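>>> model this:
(one chain, ligands or ions: 1)
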Amino acid sequence: MSDVLRVQWTITPRTAPQPWLSCSRCGEARPFRSSDKIRLNANGKRVDAWLIYKCTGCGSTWNRPILERRSVRTIEPDLLMALHTSEQALARRLAFDVEGLRRCAGRVEEFDDALVIKTVLSESTMPARQLEILCSVPEPVGLRVDRLLAKELQLPRSRIQTLVKAGDLVAFPQESHLRRTVRDGLRIVLELARSCP
Ligand SMILES: [Zn+2]
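Residues are numbered from 1 along each chain as shown. Just a heads-up that it's a prediction; the model follows:
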C-alpha cells in the first residue's frame, strides 16, 4: 500500500522571452516580440534563416540569426521545409529558446506566466501523507520554483519557506534551489500531514 499521491505538472510558458534592443526609430532600448515568422534566404548552396522580431513600441523589425551561411546539404530536409514554411511549432520552439536568444541579444527579459496542466500518475491507496510532484518543462520558463508552488498549492511563499526549513518540502535533485527557475525533471516531495494542519 502506498500513501503517496504522485502527480505530474506540465509547465508551459505563455509568453516567449523578449530581447531588449536599441530601436533606431524609438530612439531607445525597447523589448522586441517574436512575430513567429521565419525568413529564409537561399543563395546558391548557402542558406540563411532568421526569426523575425518586432519592436513593441513601433513595430520595427529585428532579424535574429538562426542559420548563417549554412551549406544546404548539412540541413535536415524536414528542418529546411519547416523553416521555408515558417512552421508554427518550429517558430515557437525558437522563440522560447532563451539560451539561443541570449547568444545574439544582450538583455533578455523572461516571463513567469505559465500554463500548468496537472495529471495524476498514481493515487494513494490510503489517505495520502505525501504529495510527489514531477515537473515536466518542455520549454524553458522563467518561473521560479517557489512562485510556482505558492500559486499552484495556494500557499503563501513564506509558508513554502517554512516547509523547506522544516524539511517537509524537499526538491530533487538535491542541489535544486527554490529561488531558481523550474527545470524539467524537478521532483518535489511534500509531507501533507505536516503541511496542511
Ligand atoms: Zn521601436
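>>> part of a strand, is residue 51?
Yes: counting by DSSP: H, G, I helix; E, B strand; the rest coil, residue 51 is part of a strand.
>>> other SSEs contacting whichever strand in the chain runs longest?
As assigned by DSSP state E, the longest strand anywhere in the chain is strand 28-43. For strand 28-43, the packing partners by 3 or more C-beta pairs under 8 Å, 6 or more residues apart in numbering; DSSP states H and E come out as strand 18-23, strand 46-55, strand 61-71, helix 77-84, helix 88-95. Every residue, glycine included, has its C-beta placed from N, CA and C.
>>> make CSV out of the ones you listed and add distance to residue 179 and mean neighbour count.
As requested, the helices and strands packed on strand 28-43 are exported to CSV (distance: least, C-beta to C-beta, whole Å; neighbours: other C-beta atoms under 10 Å):
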stretch, distance to residue 179, mean neighbour count
strand 18-23, 22, 18
strand 46-55, 29, 20
strand 61-71, 29, 16
helix 77-84, 36, 14
helix 88-95, 26, 16
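>>> assumed residue 193 was part of a helix.
Yes: Residue 193 forms part of a helix when assessed by three-state DSSP.
>>> could you list the contact residues of this protein toward the ion?
Residues of the chain found near the ion (C-beta under 5 Å from the ion) are 23, 25-26, 30, 55, 57-58, 60.
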